[in-house]
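Enquirer: Here is my input; please provide its structure:
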Amino acid sequence: MMAQRQPDKKKRKRKKLDGPKIKKKPPAVAKNDEFEDMDADAFMASFDNDETVAPKSDVPVQQKTKTKKKGKKTKPLKPDDTPIATSEPVSEVSEMAPEVPSKDNIPNSSNVKKGLSKLEGKDSDFFKFLQENDPELLNFSGGEEDSDDSSQGESEEEPEELETPVGEEESIMSDEGEGEEQEQEQEPEPELEAEIEVPESSSIPVTSSLLKKWRNNLEKNSLPTWKQLIRGFQAAVITAKGDEPEDSMKYVIVDPDVVNKVIMMCLEYSSDLLKHHLGDNPTSSTKWNKVKLSLKSYLTSLTELLGLLTSNDVLCAVMRHCKAMLPYYAAFSRLMKKFVKSHVTVWGSKAELSRVVAFTCLQAVVKKIPAFLEDILKKMYVEYTKCSKIMNPKSRDNIVLMRNSLVEMFKINPSITYTTGFLYIRQLAVTLRSVIVNKKEIESVYNWQYINCLHVWVSVLSDCDTCLQPLVFPLIQIMMGVVKLHSSPCFYPLHLHTMRLMLHLAAATNKHIPLVHSLLDTLQFCATVNKAPATKPVDLTCVLRVTKGYKKTKAYQDGIFDLTYELLLNYVSQLSQSISFPEVSFPVTVWLKKFNKSCNNPKYKSQMKQLMEKMDMASKDLTKERRSSVTFTPRDLEEVTKWENQLPESVLTKYFNTWLRIHRAAAAKKEEQEAEDVAETKEEEGGDSEEEAGPPKKKQKKMKKKQEDSPEKKSVEKPEKKKKKKKKKNKEEKTEAVSNGDSEFVDNGDVVEDIVLSD
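Expert: Next up, the predicted model:
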């Protein structure tokens, strides 16, 4: 059939091409003489005769052409269209055209099977390769045999059209081609959609039976099972977030118990299995490329899980697992940054145990990758400043823990500590300078965040190397500026906290800081008698400033005197270890004598008198016994330091140490009593029975008042008698309170409402 149709097609082509002859000059191309007189018949004959070889031109090929396959009808030219001009000779086009096999040459299933059977004898190695890698090719089945209907063969093959260069459009259209396109457009679309659609229930729910199978395979160190477990772990993290699972996910978890089991299974098996397959150096292992993508997804889900957990025990377990997975985190730099960020947030926001575990993980990161130290120090310092804005008895322990751990990190590398310390100490100085210029912004310095930052750098520089010594003097200048910024008695607690830091730094670095005038100014405030109503004393360790109303109370005056006396003792005890103590202590003793004359409080006088006696004893000990045998001069600084280091503890240092022990023991007892009172009030609110334990004194008084103020007695008593009885009751209650030692000014829980705690 095909052989009979081919001549008819050629005749049609020739007739249509001979009809409208429109010549179009091709672009400037090197012409050959052989093609000048060629007509359309000769041009078409060159396509049919493959044996004729035309001379090749030197013009490069600028467009690709494809010839029509045999068995197809050519598309007729329209009267307005012109044939496409090519820049190549005809022979070259015929060579570029692919050979289209005839129907007799198309291989069927029987021919393919014969060829494959012959392949075993010709090339045995290639035949074995096919058996191992693609056995389906050897089991070839041609399916439906080639039918004799030419129409079926024509419908399977799509017509290949000539490719036109850019800017030109194809104008050759055939009636049969249009008919085929219309048939393709009329095909029903729902059938195609039914083939493409994916069922909604493609994800597999994770159950306890599936977890048992995974556990059995993981005990055998099965890597494919571990990859399946990772997909289940991703589903567990998504359910922990509360997000809806995606359709592309393989596993879905609904039960919260299954979520916990999947997480614990990952923590139990992941590190050992990866170490078994990858070894100590995972990136150099041969299995690294197989595990890389799944491991990366697991580590990202693991870091996300840290921010979702609320249980302290589970959080600590996950962080310990992250610490064990550090060699694999090190292979991904972005994941390493996320690891550091998540652990820093845990270090600054969670419970005490989780803070400690997070700090150990950060230390392990620095040991594994020392280049991350600077980034970790900056993030930890910023997190510390965020968490130290509020200081109260509850948050004080957490702030102290963060400060100590941050100081330990700064001790690792002194050179990096110097660069970061210079940067942040300069920031503190800049803020102080801006406040000195504009004192309306004093709250930017007089707050707990600023004081806690100073405390960190005092702790870092007090135990530092010689390379950090240049930072000591700028830090002292900043603290002196903070003390002198505002001289109001309302800010005396802040001044005393800052002076305590300076004394700590001076003792550690063996430097003298002149603090006498600041300490004596606060003592002068205590010399005046305040007639304001007495209130319960407040612990000033968590207070920076007070209101003007509370400034005039006696409780505030007592608290300021105790803190000032402690710091003055510390300052004088440090000076007592110096060879120049008798000369330095003389102006202090003169001022203390003036204070005793002007002060009317006997408690303050007795303490100052005792201090002056100890100072006198220490100065006499140095002048009469120690310095009398000295042969060197004050210019010999090395011998002076040797002599001072050989001095034993002075009388003042011993007195200061004993005073601190007594004072701290008394403060601890007060805290215990306050805790007991809080526990008793909670028990009373819980509804304890009155028979087992009698009601407290306050309740007894209230019961008496209720009984006395009953309506039966009110109707009988006269108003004058009521007033007299009330006065007698108040007197009796006061006498009972004084005799039992339960004074309202000392033990009752009167809260001072005037105190304004700084943020």
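
Enquirer: Please, where are all the helices along the stretch 551-700 of the chain?
Expert: All helices of the stretch 551-700 of the chain, identified by DSSP state H, counting those that start in this stretch, fall at 554-575, 581-598, 602-620, 637-645, 651-685, 697-708.

Enquirer: cool, and the stretch 151-300 of the chain?
Expert: 175-185, 189-196, 208-218, 223-241, 256-278, 288-306.

Enquirer: what would those look like in a markdown table with distance to residue 594?
Expert: Yep, even glycine has a C-beta here, placed from its N, CA and C like the rest. Compiled in a markdown table, those are given as follows (distance: least, CB to CB, whole Å):
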| stretch | distance to residue 594 |
| --- | --- |
| helix 175-185 | 111 |
| helix 189-196 | 98 |
| helix 208-218 | 82 |
| helix 223-241 | 70 |
| helix 256-278 | 70 |
| helix 288-306 | 62 |
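
Enquirer: Turn the ones you listed into TSV, including distance to residue 645, mean pLDDT and mean neighbour count.
Expert: Output for the helices of the stretch 151-300 of the chain, formatted as TSV (distance: least, CB to CB, whole Å; pLDDT from 0 to 100; neighbours: other CB atoms under 10 Å):
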stretch	distance to residue 645	mean pLDDT	mean neighbour count
helix 175-185	101	44	11
helix 189-196	88	36	8
helix 208-218	64	92	14
helix 223-241	60	90	20
helix 256-278	52	91	18
helix 288-306	50	93	18
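
Enquirer: Now residue 581. Nearest residue, chain neighbours left out?
Expert: Using CB to CB, 6 or more residues apart in numbering and skipping the chain neighbours, the partner closest in space to residue 581 is residue 575 (5.2 Å).

Enquirer: burial count for that neighbour?
Expert: 20 (other CB atoms under 10 Å).

Enquirer: Mind pulling the model confidence for it?
Expert: Predicted confidence (pLDDT) for residue 575: 89.

Enquirer: so it touches residue 585, yeah?
Expert: Yes. Taking CB atoms under 8 Å as the contact criterion, residue 575 and residue 585 are neighbours in contact, 6.5 Å apart.

Enquirer: rewinding a little: in terms of mean pLDDT, which of the helices of the stretch 551-700 of the chain ranks lowest?
Expert: helix 697-708 (a mean of 46).

Enquirer: so where's the protein shaky on pLDDT?
Expert: Residues of the chain that meet the criterion pLDDT under 70 lie in 1-113, 136-202, 247, 529-534, 682-759.

Enquirer: picking up where we left off before, give the contact list for the residue nearest to residue 581.
Expert: In this structure, residue 575 makes contact with 512, 581, 584-585, judged by CB atoms under 8 Å, 6 or more residues apart in numbering.

Enquirer: do residue 527 as well
Expert: By CB under 8 Å, 6+ apart, residue 527 lies in contact with 595, 598-601, 604.

Enquirer: quick one: which of those residues is nearest to residue 121?
Expert: Nearest to residue 121 among the contacts of residue 527: residue 604, at 117.0 Å, using CB to CB.

Enquirer: All good on my end, thank you.
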